[in-house]
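**Q** using only what follows, build the 3D model:
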Amino acid sequence: MSMKYLSQRVAQIIDEELMSQAGGFSIDQLMELAGFSVAQAVAKVYSKESYSRILVCCGPGNNGGDGLVAARHLSHFGYRPSIFYPKQSKKDLFQRLATQCNNLKIPFVNELNKQLLNNTDLVLDAIFGFSFSGEIRTPFGEVIQTLKETNVPIASVDIPSAWDVEKGNIDGRSFIPTMLISLTAPKMGAQQFKGIHYLGGRFVTPELDRKFELNLPPYPGIEQVVDITNLTNERL
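**A** Predicted coordinates for the structure are as follows:
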């Protein structure tokens, strides 16, 4: 059976179930597991010898939190991340994640421009997640446009930012990343994506897999990610 692509609503329901009393997870735990998965997937594809300078672009929501966690782990892995986080959340969880990055001396940059990108080997896009809808608000319109114009490879977290979660890159309004790290299960909009595709978030129980008919592939050994490039490209 083919792996399921999630609608925005089903993705939200699964998250709610994971964080329910029956699911037992907290948002902190899921964010930590997701961010660690993202960092591991990046490290498998982009070596620190050739792609040490990683610019992590974070939005104000949970996708941005995943990016902050990933930046911390990438630093521990030996990369040299920097963080562009123009609209920082005031929630305690996000402030603690930012503090953890500060404690590792990971620099926060104030502006995304061509000069910065010229000194970047890889962009990690953690701006918008599967809750995104509607218009792109300031300051992220300019950010998306800048990323559309760069030749630096981009790895996106869960869904490429500003893509419609179900319909994909409508009218080409956003960039096309070179790599996508889907979390829990791929979202419907990712059916348009034809690049390197990994799945992360090894927190879905067999029971939850069966309940939502996700048909997830097995994770190899002790890995937190699995390469689904061939699985998803075959479906296109």
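**Q** tell me which residues of stretch 65-78 come out buried.
**A** G65, D66, G67, L68, V69, A70, A71, R72, H73, L74, S75 (16 or more other CB atoms under 10 Å). Just so you know, the C-beta spots here come from the backbone N, C-alpha and C atoms, and that holds for glycine as well.
**Q** how about the fourth one, phi and psi?
**A** For L68, the backbone dihedrals (degrees, to the nearest 10) come out as phi -60, psi -40.
**Q** so what's it closest to, chain neighbours aside?
**A** The shortest distance from L68 to any non-neighbouring residue, by CB to CB, 6 or more residues apart in numbering, is to L97 (4.1 Å).
**Q** alpha carbons only: can I get the helix or strand the one you found falls within in PDB?
**A** Per DSSP states H and E, L97 falls inside helix 92-103. Output of helix 92-103 as PDB, limited to C-alpha atoms (Å, rounded to 0.1, in the frame of the first residue of the first chain):
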ATOM      1  CA  ASP A  92       8.600  30.400  27.300                       C
ATOM      2  CA  LEU A  93       9.300  27.200  25.200                       C
ATOM      3  CA  PHE A  94      10.700  29.200  22.300                       C
ATOM      4  CA  GLN A  95      12.700  31.600  24.500                       C
ATOM      5  CA  ARG A  96      14.300  28.600  26.200                       C
ATOM      6  CA  LEU A  97      15.200  27.100  22.700                       C
ATOM      7  CA  ALA A  98      16.800  30.400  21.700                       C
ATOM      8  CA  THR A  99      18.700  30.500  25.000                       C
ATOM      9  CA  GLN A 100      20.000  27.000  24.300                       C
ATOM     10  CA  CYS A 101      21.300  28.200  20.900                       C
ATOM     11  CA  ASN A 102      22.800  31.300  22.500                       C
ATOM     12  CA  ASN A 103      24.600  29.100  25.100                       C
END
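**Q** what about that helix, average pLDDT?
**A** Averaging pLDDT along helix 92-103 yields 98.
**Q** about what we covered before: could the buried residues of stretch 65-78 go into a markdown table alongside secondary structure and distance to S50?
**A** Output for the buried residues of stretch 65-78, formatted as a markdown table (DSSP: H, G, I helix; E, B strand; the rest coil; distance: CB to CB, whole Å):
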| residue | secondary structure | distance to S50 |
| --- | --- | --- |
| G65 | helix | 28 |
| D66 | helix | 24 |
| G67 | helix | 21 |
| L68 | helix | 24 |
| V69 | helix | 23 |
| A70 | helix | 18 |
| A71 | helix | 19 |
| R72 | helix | 21 |
| H73 | helix | 19 |
| L74 | helix | 14 |
| S75 | helix | 17 |
